[in-house]
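Colleague: Model the following, please.
(one chain, ligands or ions: 2)
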Amino acid sequence: MSANDAGPAATGEPAVVSQAEEGGAAGGPLLEVTDLRVDFHGARTVRAVDGLSYTVPRARTVALIGESGSGKTVSSRAIMGLLPESARVVGSIRFEGEELIGLPEPKMRSIRGGSIAMIFQDPARSLNPTMRIGAQITEAIHTHDRSVSDAAAFDHAIELMELVRLPAARERFRQYPHQLSGGMRQRVMIAMALSARPKLLIADEATTALDVTTQAQIMELLRDLQRRLGMAVIMISHDLGLAASFADDVLVMYAGRAVERAPTRKLFSQVRMQYTRALLGAIPRLENPPHLPLAAVPGQPPDLSVQQLGCPFAPRCPAASQKCVEVRPPFAEQEPEHLWACWHPAGVEPRS
Ligand SMILES: Nc1ncnc2c1ncn2[C@@H]1O[C@H](COP(=O)(O)OP(=O)(O)OP(=O)(O)O)[C@@H](O)[C@H]1O
Ligand SMILES: [Mg+2]
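Modeller: Ligands and ions are numbered 1, 2, ... in the order given. Predicted structure coming up:
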């Protein structure tokens with residue numbers, strides 16, 4: 001798999017910034033993941049991420065979708081440098097042109113929670129139950145800048161709590177996580193993630209635990225903040241309606257790799273991969289997408305401890321041929337802005 005996912009999204013809907021302004025010194029995308037591999041070593045080596053390549057332009061939202069175990073969280077944690085010791089990470093993760101893989105921990109720590117922040121899949125466990133909300137937010141502020149006075153950190157924390165529309169911020173400041181509703185705790189997590197004004201926010205199932213109304217409010221809030229702060233977002237979601245409503249681009253993952261990517265509208269109107277088609281199930285109407293979970297794809301995901309020769313989806317794919325079993329299809333831009341990895345894409349005449 002090569003890095004031919006070089007910013008197709010940048011030419012899609014009007015970007016907030018021009019190509020020349022985008023990215024680091026080289027003028028590339030904000031984030032560029034190239035041929036990323038993550039192996040977990042143990043009794044058996046599990047290849048959780050297997051040659052993943054994608055880019056995130058500045059101030060855009062990219063939704064990562066894929067069935068459970070497809071590597072969404074592991075690949076995101078690799079960006080944050082937050083994987084356990086048993087993980088071996090190879091490939092390239094460039095942020096504003098700077099390589100993050102192999103960066104010394106103190107430097108990585110300053111990027112983590114600074115330029116890049118992540119809201120984790122399990123917010124209930126990400127907040128410290130024994131610490132007041134305010135103390136947790138001011139601690140996050142002090143992590144990025146120790147020179148901030150306590151009074152300034154307090155003011156900034158209240159500002160952040162108001163920014164994420166946490167009602168009665170001053171009273172909440174002294175409360176503990178268990179005194180807040182799930183939606184409010186999620187807002188606290190977002191406030192902490194935003195404390196350093198990140199350029200990239202990774203939201204891993206940030207709203208999954210919440211009811212539909214609160215989900216929509218939180219996503220609206222993220223979108224509003226994204227516009228105001230010019231932040232890029234990687235949004236990991238099992239909710240197709242949310243992905244369709246909020247993402248500029250959708251990246252579909254299977255077995256640790258990217259298999260289809262396109263601007264959201266294009267992807268929903270013109271699915272090429274059988275796997276994406278199965279995931280989308282009854283494709284929601286883009287104009288008024290309902291909250292629909294990703295469909296369960298028939299069959300079992302592959303064993304990630306066994307290396308696949310061909311397309312890893314072939315055993316479950318209704319269109320698979322012998323070639324699919326033997327030769328891995330490359331993930332490449334097959335139509336303008338539309339990348340996929342398939343020998344028999346839906347709706348495309350076979351080449352003679
Ligand atoms: N610490 C670990 N040691 C070994 N394998 C791991 C570890 N963490 C994750 N994995 C494996 O890596 C693969 C990818 O997991 P990941 O958590 O990224 O999936 P996901 O796409 O986020 O799924 P979900 O939608 O359920 O959150 C899975 O097969 C998982 O079992
Ligand atoms: Mg996950």
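Colleague: Show me the contact partners of the longest helix seen in the chain.
Modeller: For the chain, the helix with the greatest residue count under DSSP state H is helix 212-229. For helix 212-229, the external contacting residues (CB atoms under 8 Å, 6 or more residues apart in numbering) are 16, 59, 61, 163-165, 182-183, 186-187, 190, 194, 197, 201, 203, 206-207, 210, 231-233, 235, 239, 242, 245-246, 291. C-betas here are computed from N, CA, C, even on glycine.
Colleague: could you say what helices and strands the helix or strand containing Ala140 packs with?
Modeller: Counting by DSSP states H and E, the element that carries Ala140 is helix 133-144. On a contact count with 3 or more CB pairs under 8 Å, 6 or more residues apart in numbering; DSSP states H and E, helix 133-144 meets helix 150-163, helix 182-194.
Colleague: ok, which stretches of this structure are helices?
Modeller: Using DSSP H, helices in the chain cover 72-80, 105-111, 123-126, 133-144, 150-163, 169-172, 182-194, 212-229, 240-246, 264-269, 274-280, 322-326.
Colleague: Make CSV out of those helices and add mean pLDDT, mean neighbour count and distance to Ala258.
Modeller: Below are those laid out as CSV (pLDDT from 0 to 100; neighbours: other CB atoms under 10 Å; distance: least, CB to CB, whole Å):
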stretch, mean pLDDT, mean neighbour count, distance to Ala258
helix 72-80, 96, 23, 9
helix 105-111, 90, 13, 23
helix 123-126, 69, 16, 27
helix 133-144, 92, 20, 31
helix 150-163, 93, 16, 33
helix 169-172, 94, 16, 40
helix 182-194, 88, 23, 25
helix 212-229, 82, 16, 22
helix 240-246, 81, 23, 15
helix 264-269, 91, 19, 13
helix 274-280, 88, 22, 11
helix 322-326, 96, 13, 17
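Colleague: how about those helices in CSV, adding distance to ligand 2?
Modeller: Putting the helices of the chain into CSV (distance: least, CB to the ion, whole Å) gives the following:
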stretch, distance to ligand 2
helix 72-80, 3
helix 105-111, 21
helix 123-126, 13
helix 133-144, 22
helix 150-163, 26
helix 169-172, 28
helix 182-194, 16
helix 212-229, 17
helix 240-246, 14
helix 264-269, 21
helix 274-280, 15
helix 322-326, 27
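Colleague: now those helices as TSV including distance to Gln300?
Modeller: Formatted as TSV, these follow (distance: least, CB to CB, whole Å):
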stretch	distance to Gln300
helix 72-80	18
helix 105-111	36
helix 123-126	28
helix 133-144	40
helix 150-163	44
helix 169-172	45
helix 182-194	32
helix 212-229	29
helix 240-246	22
helix 264-269	25
helix 274-280	13
helix 322-326	16
